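Engineer: make a model of this:
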Amino acid sequence: MKCAICKYGYTEAGHTTIVFEKNTCVIVFQQVPALICNNCGEEYVTSEINSMLLKSAANEFTKGISFELLKYSPSINVSLQL
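Structural biologist: A predicted model of the protein is given here:
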């Protein structure tokens, strides 16, 4: 798909790192499937992946952690088609 940010590049399948912060807590998800613009580097994740990450982060925040590093692990098969 054409990049919505730079309007010049096209997205390609890849992986990214996503960071969530809440108060003094930080959660980092590595190896998250994403579409990445080959021109500006803008990263897009599907709504399914976004929802999954938000739920996982909310769960981790309730544990009282200050820093958590997690490798992305899908609980469902998610497509990179946006």
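
Engineer: got a list of contacts for the helix or strand containing A58?
Structural biologist: A58 is part of helix 47-61 when elements are defined by DSSP states H and E. Outside helix 47-61, the residues within contact range by CB atoms under 8 Å, 6 or more residues apart in numbering are 18, 20, 22, 25, 27, 29, 32-34, 45, 68, 70, 72, 74-76, 78. For glycine as for every other residue, the C-beta is placed from the backbone atoms N, C-alpha and C.

Engineer: among those, name the ones in helices.
Structural biologist: Among these, none falls in helices (DSSP state H).

Engineer: filter the residues you listed down to the buried ones.
Structural biologist: For these, a burial check counting by 16 or more other CB atoms under 10 Å picks out 18, 20, 25, 27, 29, 32-34, 45, 68, 70, 72.

Engineer: any idea which of those is closest to Y10?
Structural biologist: Nearest to Y10 among the buried ones among the contacts of helix 47-61, counting by CB to CB, is A34 at 13.9 Å.

Engineer: for S56, see how far away the closest one is.
Structural biologist: In this view, A34 and S56 are 16 Å apart by CB to CB, to the nearest Å.

Engineer: mind showing which ranges of the chain have poor pLDDT?
Structural biologist: Applying pLDDT under 70 to the chain flags residues 75-82.

Engineer: geometric centre of it: which residue is closest?
Structural biologist: I18 (4.6 Å; CA atoms, centre = their mean).

Engineer: that concludes my questions; thank you for your assistance.
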